[in-house]
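S.K.: sequence plus predicted model, see below.
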Amino acid sequence: MKRPVRSLSGMVGIAILAALVLVAVFAPLISPGDPLAITARPLLPPLADWAHPLGTDRLGRDLVAGLVHGARTSLAVGLAAAVASLMIGSIIGTLAGFLGGWTDEALMRVTDAFQTVPGFLLALAFVSVAGPSLPVIVLAIALSAWTGPARVARAEVLSLRERDFVASARVIGMHPLEIAFREILPNALPPVLALSSVIVAAAILTEAALSFLGLGDPNRVTWGGMIAEGRAVLRSAPYLSIIPGIALVLAVLGVYLAGEATVERAARRVGHA
Amino acid sequence: MPRALRLIRRRLLTSIPVLLIVLIGTFLLLELAPGDAVDAYLVSSGGDAAMIEALRTRWSLDASPLARLGAYLWAVLRLDLGWSVSFSRPVLDVVLERLPNTLLLMGSATFLSFSLGSLLGVAAGSRPGSWRDRLLSIGSLALYAVPGFWLGLVLAVIFAVRLRWFPLSGIETIASGKQGLARVADIAWHLALPVLSLGIIYCALYLRMMRAGMAEVWRQDFTLAARARGISRHRIVWRHVARNALLPLVTMLGLQSAAILGGSVVIESVFSVPGLGRLAQEAVSSRDTPLLLGIILVSAVLVILINLAVDCAYAGLDPRVGGSEAA
């Protein structure tokens, strides 16, 4: 009885995600031109003019154009930051688990240190020092998110280290680093990748929060930035802050649901094998 | 030596290298920042090239990076976190002044999320697979997808702008002259919305953990035995299943402290609560890097202390913890 509902939520997640990716990829076709350009009279309410179905902001910029182009930034930053943190995390976790001893001790203390500092504060400080551009934001989010994958990778490597295939790789004279990254890491990856949906979702939320505080890339439309923009007229035009927030919730929810469905399917496949 | 003391000693010893790494990290960020203390000083006072050189030598900014790191560590050891340019006061003073507000916000939000989350978790986990369970699970996932600052704004629009039940910002009525209980009530009234928006989001986490933990305990033999002996379902749920599933949530309390501290940065900015998070945003917008790094250091120490307290509580709840030196 449990499976249909679960897979239904998974389908919903994949549908939301697919729609968002389509919107992000075809953003220049859906709403051509600069989303930061002034196109109509300011503070046009939603549903008043069909040329601007969701209305315009304080400066007369179209809300739909902002949402469509903001999807690009959100998804791109979310994906890039997740890939970066999974890569950093699995490399550090593999090194710590495989080399052991002092290296392990030192790398794990560094991991502890990164988990002790509130991730959002770290990202905030990093962006404020290095300047708000897209690569810096991606790196800042990755800096605050790599510890989870590192711990999982290390635990997995520790359990794989003593297996026979590692011993035979040693016997044929493979270099230890080659064993670590070509033999062990690929086998340790599945549980690390299971974290990816949570990390993508967290990265999207962190990017939004950074943009909300004015630390987003100033040359790009972001949902967080739109919410901050609308805050100035929160009393008279709350829709300006509320609508981009709904887009954010949908995006993050889509990532969660799709991720949960994928992990479940993978678990079932392992179960059947 | 008593168990708790041994635990505290071990935790403090392992946190020394961690703090050292955090310090090196903040030093690197300080080095990475454009301009140095002299530049910041000159912005407010002005001066010529000779004076700049003299100042650089006097503050030993021309020393090697390693020597500067040593000087920085020594200064922090003497509780000197540097000078805040934007406040013209020592960083530590400014940070400690704002700390109580953040602690109050964090503490109340954690209490709300923990109690509400675990109660709803029991409601979901008492009958795994039921409609109530599925509804709560999906609802908590949706809640988990909501950005805290946006929830704060929505709550502000509804309860502060439309209904006018709560104030829109601040921590207490300015210059109200309220004393004692009236002041406490005033602060509670101001903090209601920030606490709600911070607490509700993390509530989803505890709900999901409690539910997952209970689903695990239901599968164990002793619950089957309890059911076979004919103990009422209500009693099994509360005395056996929920009680055993609660323990991991206590650990989560410590692990989440860093996240909730980060979350309060945006929430404090939304509601203009004069706490650590709002201070961090002010430090960013006035390019006051020493202040920002001071906030990071103080929050790292705070997180270590909270985890220590949680560990002690855990050791008190679970007699298996900290029994031997090696564990």
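M.R.: Looks like it arrived, so ask away.
S.K.: enumerate every residue touching B:Val237.
M.R.: B:122, B:126 (CB atoms under 8 Å, 6 or more residues apart in numbering or on different chains). Every residue, glycine included, has its C-beta placed from N, CA and C.
S.K.: please apply the same query to the one 10 residues further on.
M.R.: B:Leu247 makes contact with B:314, B:317-318 under the criterion CB under 8 Å, 6+ apart.
S.K.: ok, now B:Pro34?
M.R.: A:Val129 are the contacts of B:Pro34 under CB under 8 Å, 6+ apart.
S.K.: helix, strand or coil for it?
M.R.: coil (DSSP: H, G, I helix; E, B strand; the rest coil).
S.K.: related to what we said a few turns ago, ok, so of the contacts of B:Leu247, who is nearest chain A?
M.R.: Nearest to chain A among the contacts of B:Leu247, counting by CB to the nearest CB, is B:Tyr314 at 17.5 Å.
S.K.: for the contacts of B:Leu247, give me CSV that also has neighbour count.
M.R.: Formatted as CSV, the contacts of B:Leu247 follow (neighbours: other CB atoms under 10 Å in any protein chain shown):
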residue, neighbour count
B:Tyr314, 18
B:Leu317, 11
B:Asp318, 12
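S.K.: near residue 70, how many other residues are there?
M.R.: With no chain named, the answer covers chain A. 29 (other CB atoms under 10 Å in any protein chain shown).
S.K.: meant chain B, my bad for not saying
M.R.: 13.
S.K.: and A:Arg109, by the same measure?
M.R.: A:Arg109 sits with 17 neighbouring residues when counted by other CB under 10 Å.
S.K.: and for the one 3 residues further on?
M.R.: For A:Asp112, the tally of surrounding residues (other CB under 10 Å) stands at 18.
S.K.: quick one: mean pLDDT over the helix or strand harbouring it.
M.R.: According to DSSP states H and E, A:Asp112 maps onto helix A:101-116. In this model, helix A:101-116 carries a mean pLDDT of 92.
S.K.: other residues contacting that helix?
M.R.: A:92, A:95-97, A:122, A:143-144, A:146-147, A:150-151, A:154, B:14-15, B:17-19, B:21-22, B:25, B:258, B:300, B:303-304.
S.K.: which residues sit against stretch A:60-73?
M.R.: A:20, A:23-24, A:27, A:30-31, A:33, A:35-44, A:46, A:52-57, A:134, A:207, A:216-217, A:220-223, A:225-226, A:240, A:243-244, A:247, A:251.
S.K.: for whichever residue of chain B sits closest to chain A, which non-adjacent residue is closest in space?
M.R.: Closest to chain A within chain B is B:Gly262: 3.1 Å, counting by CB to the nearest CB. Spatial nearest neighbour of B:Gly262, excluding adjacent residues (CB to CB, 6 or more residues apart in numbering or on different chains): A:Phe120 at 3.1 Å.
S.K.: now the helices for the stretch 151-273 of chain A?
M.R.: Remark: helices assigned in the stretch 151-273 of chain A by DSSP state H, counting those that start in this stretch are A:164-171, A:176-178, A:185-193, A:196-212, A:223-231, A:239-272.
S.K.: where does residue 84 land on pLDDT?
M.R.: Using chain A. Predicted confidence (pLDDT) for A:Ala84: 95.
S.K.: please go with chain B instead
M.R.: 82.
S.K.: quick one: residues contacting the nearest residue in space to A:Glu183 that is not next to it in sequence.
M.R.: Distances taken as CB to CB, 6+ apart place A:Ala169 nearest to A:Glu183, at 5.1 Å, with adjacent residues excluded. A:Ala169 sits next to A:178-179, A:183 when contact means CB under 8 Å, 6+ apart.
S.K.: give me the mean pLDDT for the helix or strand in which B:Tyr314 is found.
M.R.: Using DSSP H and E, B:Tyr314 falls within helix B:289-317. What helix B:289-317 shows for mean pLDDT is 88.
S.K.: stretch B:320-327 now?
M.R.: Rounded mean pLDDT across stretch B:320-327 is 52.
S.K.: same deal with stretch A:14-29?
M.R.: In the prediction, stretch A:14-29 has an average pLDDT of 88.
S.K.: does it reach chain B?
M.R.: No - Stretch A:14-29 lies out of reach of chain B by CB under 8 Å from any CB of the partner chain, never closer than 10.5 Å.
S.K.: low-confidence stretches in the stretch 101-250 of chain B?
M.R.: The model of the stretch 101-250 of chain B has no residue with pLDDT under 70.
S.K.: quick one: furthest residue from the center of chain B?
M.R.: B:Ala50 (45.4 Å; CA atoms, centre = their mean).
S.K.: relative to helix B:289-317, how tilted is the helix holding A:Asp112?
M.R.: Counting by axes from the mean of the first three to the mean of the last three CA atoms, to 10 degrees, helix A:101-116 lies at 100 degrees to helix B:289-317.
S.K.: where does B:His240 land in three-state SS?
M.R.: helix.
S.K.: surely it meets B:Thr223?
M.R.: Yes - if you go by CB atoms under 8 Å, B:His240 and B:Thr223 touch, sitting 5.8 Å apart.
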